[in-house]
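K.L.:
Generate coordinates for the sequence data below:
(one chain, ligands or ions: 2)
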Amino acid sequence: MYILAIETSCDETAAAIVKDGVYEISSVIASSKELHEATGGIVPEIAARKQVEFIIPVLDQTLKKFQTYLKEIGEDVSWELLPSKIDKIAVTVGPGLIGSLLIGVETAKTLAAVWNKPLIPVNHLVGHIYANFLKSSSKDSSVDFPALVLVVSGGHTDLVLLRDHGDMEYLGGTVDDAAGEAFDKTARLLGLAKYLGGVQLSNLASTCLDNAAQGTLPRPMLDKNNFDFSFSGLKTSVKKLIESNAFPKDSIACEFETAVVDVLTKKTIKAALKHRVKTIMLGGGVSANKSLRTRMSQEAKEHGFAFSVPPFSLCTDNAVYIASAAYFIGKEKIISNITADPSLSVDSAL
Ligand code: KG4
Ligand code: ZN
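P.N.:
Ligands and ions are numbered 1, 2, ... in the order given. Just a heads-up that it's a prediction; the model follows:
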């Protein structure tokens with residue numbers, strides 16, 4: 001089964017075709033990131049206007065790659081007949097920016113109506129989880145349930161118990177800033193990037209051979225008997241640390257990253273032990289963080305859990321995992337009943 005998916009929840013315009021929920025056939029992503037770097041933060045109106053520009057070329061390229069793939073497997077399909085090879089369409093309906101979501105949702109509704117295809121609404125956060133189910137050279141797609149998932153992105157930090165496909169329970173999440181947001185704000189305070197500086201901060205941290213600032217930042221909410229997180233206080237502490245001029249930048253970056261990874265790892269292991277899961281999974285942009293991947297993998301192994309993390313290319317926003325989520329748990333809906341919902345939570349039913 002071939003699913004065409006569209007993802008436009010933030011500043012990316014992405015489309016993909018995935019076979020049987022696990023084989024990435026075609027994926028195209030256009031981003032307006034550099035425009036938001038200039039303004040030091042995302043301007044929703046600008047993101048949406050760019051997505052209007054990008055959506056047709058992105059779909060066009062996605063379909064062309066699909067046509068090339070079909071040719072390679074011996075099916076010479078003309079451009080006019082290409083839609084007949086697509087079984088279903090999936091689209092991100094939330095959470096995200098309303099203007100951005102609407103572009104993907106309305107495009108998908110139009111294609112579904114014109115091509116007469118079933119349409120599946122997908123929760124973006126659930127999509128991040130399903131990035132773990134794609135087959136890649138380094139990874140097969142099977143996961144032993146029950147699994148505990150840590151979804152860490154620019155807008156969310158959620159711990160989710162996944163008993164089986166589609167059977168999810170929200171265990172806890174951030175009460176203020178998301179982990180990615182804390183990375184971005186700290187990168188900005190350190191002068192590393194004006195917008196989305198998680199990678200730059202992590203790169204600087206990895207150059208630190210001796211963390212002179214070790215232990216100077218708090219590990220928020222670690223002693224609390226719940227599975228919630230809080231990162232806004234950490235950001236304030238980093239600000240004070242920078243203003244004190246007492247430590248080099250690389251040590252501050254390293255101490256910040258270590259503090260975030262400490263909290264994320266310890267709370268995840270605690271929840272995994274409590275709920276006796278078999279697998280720990282990561283999802284979302286921050287799961288591209290090498291320090292988090294390494295620490296979580298080590299701790300999971302030590303405690304006897306299997307560990308799964310998406311390949312780097314599927315950590316940040318793309319449409320591949322939207323197609324995969326649609327395949328495994330998607331529910332087709334009448335086209336006119338599908339609407340964008342900017343405030344969906346990870347366990348919202350669709
Ligand atoms: O999932 P995503 O692409 O978009 C949202 O749904 O929010 O996540 C983007 C977030 C940003 O905050 C970005 O700085 C962060 O993921 N990020 C990282 C890394 N790569 C991306 N944070 C830390 N280390 C990284 N290597
Ligand atoms: Zn995301």
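K.L.:
and this structure, which residues reach ligand 1?
P.N.:
10, 153-155, 180, 183-184, 196, 198-199, 202, 284-286, 288-289, 316-317 (Cβ under 6 Å from any ligand atom). Placement of C-beta: from N, CA and C, glycine included.
K.L.:
Not counting its neighbours along the chain, what's nearest Met248?
P.N.:
For the record, residue 248 is Pro, not Met. Ala212 (6.5 Å; Cβ to Cβ, 6 or more residues apart in numbering).
K.L.:
which residues touch the one you found?
P.N.:
The contact partners of Ala212, taken as Cβ atoms under 8 Å, 6 or more residues apart in numbering, are 247-248, 251.
K.L.:
Out of the residues you listed, who's the most crowded?
P.N.:
Using other Cβ atoms under 10 Å as the neighbour test, the contacts of Ala212 are led by Ser251, with 21 neighbours.
K.L.:
tell me which strands and helices the helix or strand encompassing it is in contact with?
P.N.:
Element membership for Ser251, per DSSP states H and E: helix 249-274. Of the remaining helices and strands, those touching helix 249-274 by 3 or more Cβ pairs under 8 Å, 6 or more residues apart in numbering; DSSP states H and E are strand 147-152, strand 157-164, strand 167-173, helix 179-189, helix 198-206, helix 232-243, strand 279-283, helix 290-302.
K.L.:
Out of these, which is closest to Glu45?
P.N.:
Distances from Glu45 to each of the helices and strands packed on helix 249-274 were compared by Cβ to Cβ, and the smallest falls on helix 179-189, at 20.0 Å.
K.L.:
who does the closest one touch, helix- and strand-wise?
P.N.:
helix 198-206, helix 232-243, helix 249-274.
K.L.:
Could you tell me the least trusted of the ones you listed?
P.N.:
Mean pLDDT is lowest for helix 232-243 out of those, coming in at a mean of 94.
K.L.:
Next up, the contacts around the residue of the stretch 151-300 of the chain found nearest ligand 2.
P.N.:
Of all residues in the stretch 151-300 of the chain, the one sitting closest to ligand 2 is Ser153 (4.3 Å; Cβ to the ion). Neighbour list for Ser153: 125, 128, 178-180, 283-286 [criterion: Cβ under 8 Å, 6+ apart].
K.L.:
so which of those comes closest to Ile334?
P.N.:
Nearest to Ile334 out of those is Leu125 (Cβ to Cβ; 23.6 Å).
K.L.:
Please see if whatever helix or strand the closest one lives in touches ligand 2.
P.N.:
Using DSSP H and E, the element containing Leu125 is helix 124-130. No: Helix 124-130 stays clear of ligand 2 (Cβ under 5 Å from the ion), getting no nearer than 5.6 Å.
K.L.:
Show me how far that helix is from its chain's centre.
P.N.:
In terms of Cα atoms, centre = their mean, to the nearest Å, the gap separating the centre of helix 124-130 from the centre of its chain is 7 Å.
K.L.:
do you know how far Ile86 is from Ala179?
P.N.:
Separation of Ile86 from Ala179 (Cβ to Cβ, to the nearest Å) stands at 36 Å.
K.L.:
neighbour-wise, which of these two wins?
P.N.:
For Ile86 versus Ala179, neighbours defined as other Cβ under 10 Å are more numerous around Ala179 (29 against 17).
K.L.:
will you turn the helices and strands packed on helix 249-274 into a markdown table that also has distance to Ile335?
P.N.:
Output for those, formatted as a markdown table (distance: least, Cβ to Cβ, whole Å):
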| stretch | distance to Ile335 |
| --- | --- |
| strand 147-152 | 28 |
| strand 157-164 | 28 |
| strand 167-173 | 25 |
| helix 179-189 | 33 |
| helix 198-206 | 37 |
| helix 232-243 | 40 |
| strand 279-283 | 28 |
| helix 290-302 | 39 |
